[in-house]
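Engineer: quick one: sequence and predicted model below, then my questions.
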Amino acid sequence: MKQKKAQNHDIKTQEKHPKHHISVKMIYFFVLISFIVPIVFLIFRLIFMDEFPDVGRSSSDYVLMIVQCVLGAIAVNIPTVLSKHLNVRIPVLIYILFLIFLYCAIFLGEVGSFYYIVPHWDDILHLFSSMMTGFFGYMLVAILNGHKNAKVNLSPTFIAIFAFCFSVTIGAVWEIYEFSIDGLLGLNSQKFRLEDGVELIGRNALTDTMKDIIVDCLGALAATILGWASMLKRKGFVYDYYSEAPLNKKPDGTDTEEAK
């Protein structure tokens, strides 16, 4: 019996700290290196642009890639900080998807120019990221409302609305970030300028931003519906995570009627 409890504790500990899995560690270091190594190369290219001209690349393109790689190297460690210092349990699958997203968005998207080479690459990533933040919206409710003395019982519909609004808000904040950094550093993260340097005007200049917001709403809606169905049917990833939160525990550690 004690051995079984110890095994269960190890499983929960591994899920709380995703990097305890060897395979996940390998993915983590692979993604982290894919951000760090290009930074050195990009700085070199930026300094010696006159000696080694790159057709189709401007100094602002290199600055954008450097900024994105630095942010990626920071963002890749956020889940670990949350799990270790804020006692937040992060499912391994969500953590792996988060790493894959960062790799596809920053290394392949910016450094590898997939945003220009692969059709709808940006749309795919926005759909993927908005679904992730939608699911995280459900997790956030469980985390924030997880105090052992919490007496607020939230309906699945309310939680679903919160998850949708949370995901769309994250998408809007990201567009504000891109607009701001483009203005401050003269970059092209909102893709208002084509790869050859030609600037778009009028409605065409707004297309990328508005398309991103629309795709974000669709991804958030998809995650919201899936999470809402999981809560109603009392099975699936969202319900499992929420039902294991401290919200569904009495002060003595036993399950409440809602969690049974």
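Structural biologist: That came through, no problem. Numbering: from 1, shown residues only.

Engineer: please name the nearest non-neighbouring residue to Ala105.
Structural biologist: Leu125 (5.1 Å; C-beta to C-beta, 6 or more residues apart in numbering). Every C-beta, even on glycine, is put in place using the N, C-alpha and C of the backbone.

Engineer: next one: Ile43
Structural biologist: Closest to Ile43 by C-beta to C-beta, 6+ apart is Ile66, at 6.6 Å.

Engineer: just the pLDDT for that neighbour.
Structural biologist: pLDDT, Ile66: 93.

Engineer: ok, now Arg89?
Structural biologist: The predicted local confidence for Arg89 is 78.

Engineer: backbone dihedrals for it, both of them.
Structural biologist: Reported as degrees, to the nearest 10, the phi and psi values for Arg89 are phi -80, psi 120.

Engineer: what do you get for Arg193?
Structural biologist: Taking degrees, to the nearest 10 as the convention, Arg193 sits at phi -120, psi 130.

Engineer: for it, which non-adjacent residue is spatially closest?
Structural biologist: Closest to Arg193 by C-beta to C-beta, 6+ apart is Glu199, at 4.9 Å.

Engineer: what does Arg45 give?
Structural biologist: With C-beta to C-beta, 6+ apart, the residue lying closest to Arg45 is Tyr62, at 5.8 Å.

Engineer: show me what the helix or strand hosting that neighbour is packed up against.
Structural biologist: According to DSSP states H and E, Tyr62 maps onto helix 59-75. Packing partners of helix 59-75 (3 or more C-beta pairs under 8 Å, 6 or more residues apart in numbering; DSSP states H and E): helix 22-47, helix 156-185.

Engineer: of these, which is nearest Ser243?
Structural biologist: Counting by C-beta to C-beta, Ser243 lies closest to helix 156-185 out of the helices and strands packed on helix 59-75; the figure is 11.9 Å.

Engineer: so for the closest one, mean pLDDT?
Structural biologist: In this model, helix 156-185 carries a mean pLDDT of 93.

Engineer: one more: stretch 24-43?
Structural biologist: Mean predicted confidence for stretch 24-43 is 93.

Engineer: quick one: buried residues of that stretch?
Structural biologist: Val24, Ile27, Tyr28, Val31, Leu32, Ser34, Phe35, Pro38, Ile39, Leu42 (16 or more other C-beta atoms under 10 Å).
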